[in-house]
Structures are given as structure tokens and as C-alpha cells.
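1. Predicted structure and sequence below. I'll ask about it afterward.
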Amino acid sequence: MSFKVLVDSAADIPLDKANDAGIITVPMPVNIDGKTFLEGVDLQTKDFYAKFETFKELPKTSQPNPNTLLEAYEKILSEGHDVAAIHLSSGLSSTVATARMMREMTSAPERIHVIDSLGASFGYGLLALFTQNILKSGASWEEAENTILEYRKHIRYVFTLDTLEYLVKGGRVSKPAGFIGGLLDVKPVLHITPEGKIEPFAKVRTRRAAIRKLVDVMEQEIVNSEEQVIGISHSACFDEAQILIEEIHQRIKVKDIWISEIGCVVGSHTGPGTLALFYSCLK
């Protein structure tokens, strides 16, 4: 039995790593000022952030077109593979529910295995890369699934934003949290909960303090750091991502650090200036 891992574009896996792993990415739509684009097809990250402040209203995102998912699943089946479909957190999107519905419409539903990532951006991408490594070893789905779900439980998502404005407008955090952040002029640190939802985690006064806070949290929580490849995602703040990397290297020994750009789907809700850190911890 062979598998193909499929994700939606909110996984933010760097193209070279996705290609090397053979992971298939389904583009998600982004609506900008009344016009819909497909992430990675006719909307590229660089252009998206360059024009972000000129948009008349906050970009809107939605799940992949159901027919696009169905066609992608059927193509993989026709090539003789089973599908491991890992999608954006059900706490943030209805994509998982749609994926499960589309699975039942395929020619072989029993060969489509849908996993709720309970995450977003490159933390979700790391789960997909882990899944690919497990499945290419020749394990059956029954053997692999528990290992994948156990790994999912321990992925930590912590991130800082330049402003809570976009998350509040998009309904991803509460208005009171956004109001307090703006009132006190703080730099928020947030996390994704085990249920796959975004919640405030801490507040600090400066951007540099927020970067240090990310590393503080990781230093307290990370397990077997020397064996871990950790992930960093950023939205149009590469230089600050490098500062985060330097701070990690000064304080924590890790196997490697992989860096990713936050794509247009996730970036529609977080805005430019987002820094995210992903690692494995005890829970």
C-alpha cells in the first residue's frame, strides 16, 4: 500500500520541502476587494503583503472548492495511492468537515483518510511532513494513524503579532482581547489550543520582548530539543525571523530550524508582522 499526503495551502510548507516529500497542496481561495484568487496560483505571498495596506477591506478566506478536493482525491486514487488528507484546524475553518463529506463522494472512501490538523501554518506543515515520513516507511494506515495523532498532540503553536486588529476583525479572537491589546499598546503573544482555536497567551510591551517571550515559552516546554527540527513562520518580517533564530541558537540546542513564509490564507487573518514558532512539547 502506498500513500500520498495532501494538504491545503494553509499548511505553509516551503515549496522545495513539499516537492521533495511529494506532498500535494490544494490551493485555498482568498477574496480581495470582491475578487477571488487562489493562493499560490494567481496570488503570491510577496505581492499579497506588498499590497496589504492598500486593500479596501480585510481579505476574506474560505475553504477549498469542494470539487477541487474531490478531483484531487480521485486523481491520487487513480494513480494507485491511498490519500492522507490533512487539513486546516476545524477550530478555524470548515475545511475538515467538507473534506469528510467529499471523501464519501469518492470512488473509494475507505482509501481516503482525513486528519484534522488542529493547527495552522507551518506547524500544521510539520505534521504533514511527519506523516509523510511515517507512511513512506511502509506502515499500514492502522499502524500509522495512532503515531500521527500522538505527534499532533504535542505540536506547540505560539506566535506574536504586530497588532490584534486583523484577528479581531476576522472573528478569530474576541473583541475584548483586541480592545485591551490596542488600549495598552502591547505586543500580544498568542497560541493555538489543543482544540485548534486561537487564544491570547501573554502580553509584553515591545516587539523584541515578544520575540524573547516566544523563546522563553519554548525553553520551558520543549522536550528532547537536540533531536527536534523546529519551525518558524513569518509574514513579511524576515529580518525579525532571523533575530528569533539567533535568540534560539543562543539559548537552546536544536537539531535544525526550518523557516517558512506565512501564506495569504493565514496572513489574511494575522496581517504582516506575524512571527510564529512551532515545536514539540509535553502535554
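-> Now that the structure is in, tell me what you want to look at. Numbers count the residues shown, from 1 in each chain.
2. Now do the helices in the stretch 1-150 of the chain.
-> Along the stretch 1-150 of the chain, counting by DSSP state H, counting those that start in this stretch, helices occupy 15-21, 45-50, 66-78, 95-103, 121-135, 141-153.
3. Of the ones you listed, which stretch is the most buried?
-> Mean neighbour count (mean count of other C-beta atoms under 10 Å) peaks for helix 121-135 among the helices of the stretch 1-150 of the chain, with a mean of 25. In this view, the C-beta of every residue, glycine as well, is placed from N, C-alpha and C.
4. Which residues does that one contact?
-> Residues outside helix 121-135 that contact it (C-beta atoms under 8 Å, 6 or more residues apart in numbering): 3, 5, 7, 10-13, 17, 21-23, 84, 86, 88-89, 115, 117, 119, 144, 147-148, 151-152, 155-157, 192, 229, 231-233, 258, 260, 262-263, 266, 276, 278.
5. Which ones among those lie within strands?
-> Among the contacts of helix 121-135, DSSP state E puts 3, 5, 7, 84, 86, 115, 155-157, 192, 229, 231-233, 258, 260, 276, 278 in strands.
6. Now list the buried members of these.
-> Among these, those that count as buried by neighbour count (16 or more other C-beta atoms under 10 Å) are 3, 5, 7, 84, 86, 115, 155-157, 192, 231-233, 258, 260, 276, 278.
7. In terms of residue numbering, what are the domains of this protein?
-> Structural domains of the chain, as assigned by automatic domain parsing, span the residue ranges 3-28+63-152, 155-280.
8. End to end on the first one, go ahead and measure it.
-> With C-alpha to C-alpha, to the nearest Å as the measure, the ends of domain 3-28+63-152 fall 19 Å from one another.
9. With stretch 26-44 instead?
-> End-to-end distance (C-alpha to C-alpha), stretch 26-44: 14 Å.
10. Stretch 53-73 now?
-> Using C-alpha to C-alpha, one end of stretch 53-73 lies 37 Å from the other.
11. Could you tell me how far it lies from the centre of the chain?
-> 15 Å (C-alpha atoms, centre = their mean, to the nearest Å).
12. and if you look at stretch 212-221?
-> Using C-alpha atoms, centre = their mean, the offset of stretch 212-221 from its chain centre is 19 Å.
13. Distance of the closest residue to Phe3 other than its chain neighbours relative to Ile148?
-> Take Phe3 and drop its neighbours on the chain: the residue closest to it by C-beta to C-beta, 6 or more residues apart in numbering is Leu135, 4.2 Å away. Distance of Leu135 to Ile148, computed by C-beta to C-beta, to the nearest Å: 9 Å.
14. what's the answer for Glu247, then?
-> Taken as C-beta to C-beta, the span from Glu247 to Ile148 is 31 Å.
15. repeat for Asp47
-> 35 Å.
16. what does Ile32 give?
-> According to C-beta to C-beta, Ile32 and Ile148 sit 35 Å apart.
17. now do Met102
-> In terms of C-beta to C-beta, Met102 sits 20 Å off from Ile148.
18. Contacts only, for Pro59.
-> So Pro59 contacts 30-32, 264, 268 (C-beta under 8 Å, 6+ apart).
19. Need phi/psi at it.
-> phi -60, psi 150 (degrees, to the nearest 10).
20. Which element, helix or strand, includes the closest residue to it other than its chain neighbours?
-> The shortest distance from Pro59 to any non-neighbouring residue, by C-beta to C-beta, 6+ apart, is to Ser268 (4.0 Å). Applying DSSP states H and E as the criterion places Ser268 in helix 264-270.
21. buried stuff in that helix?
-> 264-270.
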